[in-house]
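**Q** give me the fold of what follows.
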Amino acid sequence: MSYGYNLYSKGAVQAGVTDQGLCIQTQYDGSYNFRLGLGYRPGTYQFLTTGDVKVGGKLDMDGTLNISESGAGTAASVTDGTLTLSHTTSDGTGKNSIVFKSASNGTDYGYIQYNDNGGLDDASDENGLLTIGVQNDPNKHGITPTNAERIKFDIAGASAYLDAKANSTGGSVGAVFTTNYVNHVGLHADVFPLDTLWNRTLTAYDSTVEQNRSALYLLFDNAHHSDDDLAFTGMNAPGGSTVDGSSKPYGYMLRSRSDGYIAYQTRWLEQPYSEGGLALGVNALPGRYYDFAVGGKSHFGNDVIVTGSVTESSDERLKTDIEPIDGALDKISRLRGVSYRRRKDYDASSIKHIGMIAQDMQREFPELVETVSVDTDNDGVTEKYYGIKYTSFTAPLVEAVKELKTKNDALETKCSTLETTHNALVAEHNTLRSEVETLKQQNTDILQRLAALEGNA
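**A** Sure, this is the predicted structure:
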């Protein structure tokens with residue numbers, strides 16, 4: 001049962017309906033509500049129209065908006081759609097948006113916005129940009145998810161998140177993309193105390209708020225503390241931390257959580273070392289006097305050419321349990337110096353090398369032999385072989401030379417003694433020879449005198 005009023009039209013307003021134009025109801029099935037119908041009786045709807053509706057101002061709704069299209073609906077096109085937003089500005093500055101407001105905070109909202117011009121080509125005003133965004137309270141970005149913006153992409157339970165990140169003052173510095181399918185979550189720019197986050201005291205990393213350096217962070221999981229995580233950070237070395245004991249080599253570092261790093265600097269920020277240049281360090285800060293520094297072992301797969309000198313630390317203050325090398329000469333005499341060709345690039349006409357055999361060296365001086373990894377087939381697979389620390393071989397060589405000198409000194413002393421004895425014997429020989437000559441002359445004189453006496457008899 002419905003009661004109300006009708007504003008009739010002479011002709012049909014809707015196909016099959018000839019007696020309805022504007023219908024106003026005040027009661028429907030015993031319910032006293034105001035209802036309005038255009039072209040048809042409203043029935044259970046408070047407002048019903050069978051044609052198009054245009055609202056020139058703002059339309060507020062307290063309920064839901066249900067759109068049910070007949071047939072297959074409306075596909076998106078440049079002219080039509082199930083829900084179409086448009087504007088009249090044609091200079092490229094126009095935009096349309098759908099905003100989702102927060103009921104718990106008046107400054108929070110999410111939105112979908114389309115800009116007529118916002119793409120990469122500045123020469124045209126037809127570079128559309130679609131933005132899906134979330135806006136939280138100012139400076140509420142953070143490492144922890146408290147009050148941090150997040151956008152979720154979900155396909156039948158397969159989810160991905162785009163999280164906002166902030167620096168130490170709360171300003172936005174970028175975002176990180178996380179999925180629930182793989183652990184690798186990509187790169188994002190950030191600023192935060194790595195030594196606190198990684199629970200490590202990191203070399204040359206100043207984590208105070210004033211000295212935080214921007215970091216390009218490579219996450220391999222969502223926890224920010226994986227042993228595989230990497231961060232590209234600033235470098236600020238304290239005094240005495242470089243290989244030459246100097247300080248303040250500002251630059252950049254590729255850091256790992258295990259405190260491994262590659263550090264490089266392009267300029268010293270203190271006089272007189274302010275000239276530009278590149279210095280590189282691998283697990284060691286290069287310092288002002290070193291262009292390249294390595295804090296651990298190094299492997300070179302080919303020849304190493306040095307145009308300067310090679311210096312090894314050998315200060316007595318760095319050593320303990322110092323003992324002499326005994327029997328160096330005998331041990332060295334049992335080593336073989338050989339010429340050879342490498343099996344890796346063997347050719348009968350290839351260059352021959354000279355060296356020693358590591359197994360021989362291991363029997364005599366095991367301290368000079370180390371195990372090294374060698375890729376003999378260039379297939380990326382290494383095997384263990386023996387190597388010789390040739391520079392340390394100078395120590396037994398020195399001791400062998402000293403042993404030779406001791407033997408040579410003894411021989412020289414013996415030779416000098418023999419020479420003295422020889423000279424004495426020569427002198428004695430000469431004396432005896434002179435005496436013999438005298439005796440011979442005397443004997444000749446006696447024989448002559450005897451002959452003369454016999455002639456006179």
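**Q** may I have stretch 371-390 as PDB, with CA atoms only?
**A** The C-alpha trace of stretch 371-390 is given here as PDB (Å, rounded to 0.1, in the frame of the first residue of the first chain):
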ATOM      1  CA  THR A 371      97.200 -24.500   0.800                       C
ATOM      2  CA  VAL A 372      95.800 -22.400  -2.100                       C
ATOM      3  CA  SER A 373      92.600 -22.700  -4.200                       C
ATOM      4  CA  VAL A 374      93.300 -23.000  -7.900                       C
ATOM      5  CA  ASP A 375      90.800 -23.200 -10.800                       C
ATOM      6  CA  THR A 376      92.900 -25.300 -13.200                       C
ATOM      7  CA  ASP A 377      90.200 -25.700 -15.900                       C
ATOM      8  CA  ASN A 378      88.700 -22.200 -15.900                       C
ATOM      9  CA  ASP A 379      85.300 -23.700 -15.100                       C
ATOM     10  CA  GLY A 380      84.700 -21.900 -11.800                       C
ATOM     11  CA  VAL A 381      85.600 -24.900  -9.700                       C
ATOM     12  CA  THR A 382      88.600 -24.600  -7.500                       C
ATOM     13  CA  GLU A 383      90.800 -27.400  -6.000                       C
ATOM     14  CA  LYS A 384      93.400 -27.300  -3.200                       C
ATOM     15  CA  TYR A 385      97.000 -27.200  -4.100                       C
ATOM     16  CA  TYR A 386     100.300 -26.200  -2.300                       C
ATOM     17  CA  GLY A 387     101.900 -22.800  -2.700                       C
ATOM     18  CA  ILE A 388     105.200 -21.300  -1.500                       C
ATOM     19  CA  LYS A 389     105.700 -18.100   0.400                       C
ATOM     20  CA  TYR A 390     108.700 -17.000  -1.600                       C
END
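**Q** tell me which residues of it are tucked away?
**A** Of all the residues in stretch 371-390, those buried under the rule 16 or more other CB atoms under 10 Å are Ile388. Every C-beta, even on glycine, is put in place using the N, C-alpha and C of the backbone.
**Q** again with stretch 316-333
**A** Applying 16+ other CB under 10 Å to stretch 316-333 flags 325, 328-329, 331-332 as buried.
**Q** which stretches of this protein form helices?
**A** Secondary structure of the chain (DSSP state H): helices located at 194-197, 328-333, 358-364, 394-456.
**Q** and of those, who's closest to Val374?
**A** Proximity to Val374 (CB to CB) singles out helix 358-364 among the helices of the chain, at 11.8 Å.
**Q** what's that closest one packed up against?
**A** With contacts defined as 3 or more CB pairs under 8 Å, 6 or more residues apart in numbering; DSSP states H and E, helix 358-364 has these neighbours: strand 369-374, strand 383-388.
**Q** I'd like the average pLDDT over that helix.
**A** If you average the pLDDT over helix 358-364, you get 97.
**Q** repeat for stretch 84-94
**A** 85.
**Q** what sits up against that stretch?
**A** By CB atoms under 8 Å, 6 or more residues apart in numbering, the residues outside stretch 84-94 that reach it are 95-98, 114-117, 125-126.
**Q** for PyMOL, what selects the buried ones among those residues?
**A** Paste this into PyMOL to select the buried members of those, with burial taken from 16+ other CB under 10 Å:
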select buried, resi 95+114+115+116+117
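**Q** you'd agree Glu399 is up against Ala328?
**A** Yes: counting by CB atoms under 8 Å, Ala328 is a contact partner of Glu399 at 3.8 Å.
**Q** before we move on, back to that, so which of the contacts of stretch 84-94 sits lowest on pLDDT?
**A** The pLDDT minimum for the contacts of stretch 84-94 sits at Asp125, where the score is 67.
**Q** got a list of what Gly281 touches?
**A** Gly281 sits next to 243, 261-264, 290, 292-295 when contact means CB under 8 Å, 6+ apart.
**Q** out of those, which is most surrounded?
**A** Ala263 (26 neighbours; other CB atoms under 10 Å).
**Q** dig out what it forms beta bridges with.
**A** Ala263 has these beta-bridge partners by DSSP bridges: Met253, Gly281.
**Q** next up, the contacts around it.
**A** Contacts of Ala263 by CB under 8 Å, 6+ apart are 204, 235, 249, 251-253, 280-282, 284-286.
**Q** please redo it, this time with the cut-off set to 7 Å
**A** When contacts are counted by CB atoms under 7 Å, 6 or more residues apart in numbering, Ala263 touches 204, 235, 251, 253, 281, 285.
**Q** biggest separation within the contacts of stretch 84-94, which pair?
**A** Ile98 and Asp125 (22.9 Å).
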